[in-house]
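>>> no sequence on this one, just coordinates:
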């Protein structure tokens with residue numbers, strides 16, 4: 001683990017290569033999983049505020065789910081997460097012209113229709129955060145559907161912490177990311193930083 005301010009960061013962020021490969025995975029992370037995307041404080045309200053702007057982009061089944069149960073629910077761990085369509089895909093996941101699952105919120109943001117990018121937990125993936133009393137753990141979630149991202153990252157020489165620079169800066173700030181980047185660079189220089197084998 002690497003200690004960066006009040007966080008403990010998994011060495012996987014330095015050791016593992018990562019670069020999303022949508023052509024290979026087709027956005028499967030929006031479709032699979034045992035719960036919706038974790039929401040930070042206030043994000044459910046932000047989503048409700050922009051709902052009318054993205055409503056027409058949502059799948060009919062997602063619209064029905066939101067009408068009946070809202071944009072979010074509390075999962076078995078007590079966390080607020082995005083609602084799911086029949087226990088499967090996120091209600092904000094939709095399919096683009098290439099058959100990829102994409103976030104309707106992110107697409108609307110990129111089109112300049114809204115100012116909310118998407119939940120920070122989605123932006124950070126494959127990083128998952130776990131809060132404790134005195135620190136926050138910054139973990140790398142290993143999932144078989146992201147194997148293609150690890151292969152592409154290795155081919156391009158992009159480490160996970162580098163690929164996730166934008167979302168990590170969004171969540172923790174510029175100074176935190178600068179410290180992380182310098183620490184990861186030093187770790188790689190000292191230890192080789194290529195210990196990931198699976």
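Received, thanks. Owing to the predicted nature of the structure, the values given are computational and were not obtained by experimental measurement. Numbers count the residues shown, from 1 in each chain.

>>> who's in contact with the helix or strand hosting residue 137?
In this assignment (DSSP states H and E), residue 137 forms part of strand 136-140. Strand 136-140 is contacted from outside by 4, 6-10, 12-13, 16, 126-131, 160, using CB atoms under 8 Å, 6 or more residues apart in numbering. No exception for glycine: its C-beta is placed from N, CA and C like everyone else's.

>>> now stretch 73-87
Outside stretch 73-87, the residues that touch it by CB under 8 Å, 6+ apart are 35-39, 44, 47, 59, 61-62, 65-66, 69-72, 90-92, 119.

>>> my read: residue 114 touches residue 47, true?
No: counting by CB atoms under 8 Å, residue 114 does not reach residue 47; the two are 9.9 Å apart.

>>> rewinding a little: and the contacts of strand 136-140, which of them are in helices?
12-13, 160 (DSSP state H).

>>> could you measure from residue 3 over to residue 124?
Noted for residue 3: a distance of 19 Å to residue 124, by CB to CB, to the nearest Å.

>>> what's the answer for residue 107, then?
18 Å.

>>> so which of these two has more stuff around it?
Between residue 107 and residue 124, residue 124 has the larger neighbour count (other CB atoms under 10 Å), namely 20 against 17.

>>> tell me the pLDDT at the more buried one?
Listed pLDDT for residue 124 reads 94.

>>> please enumerate the helices of this structure.
Counting by DSSP H, the helices of the chain are 12-15, 22-25, 43-54, 60-69, 104-110, 120-124, 147-156, 160-163, 165-172, 174-191.

>>> list the contacts of residue 10.
With the criterion set at CB under 8 Å, 6+ apart, residue 10 makes contact with 1-2, 137-140.

>>> can you give me how far the lowest-mean-pLDDT helix or strand in the chain is from the chain middle?
Here the helix or strand of the chain ranked lowest by mean pLDDT, DSSP states H and E is helix 22-25, holding a mean of 83. Centroid separation for helix 22-25 versus its chain: 16 Å, with CA atoms, centre = their mean, to the nearest Å.

>>> could you do stretch 116-127 as well?
4 Å.

>>> from residue 168, how far off is residue 46?
Distance from residue 46 to residue 168, by CB to CB: 20 Å.

>>> show me which of these two is the more surrounded one.
For residue 46 versus residue 168, neighbours defined as other CB under 10 Å are more numerous around residue 168 (25 against 19).

>>> how about the nearest residue to that one, chain neighbours excluded?
residue 177 (5.1 Å; CB to CB, 6 or more residues apart in numbering).

>>> same thing with residue 151?
Per CB to CB, 6+ apart, closest to residue 151 is residue 21, 7.4 Å.

>>> find the nearest non-adjacent residue to residue 26, please.
residue 100 (4.9 Å).

>>> quick one: contacts for that neighbour?
By CB under 8 Å, 6+ apart, the neighbours of residue 100 are 22-23, 26-27.
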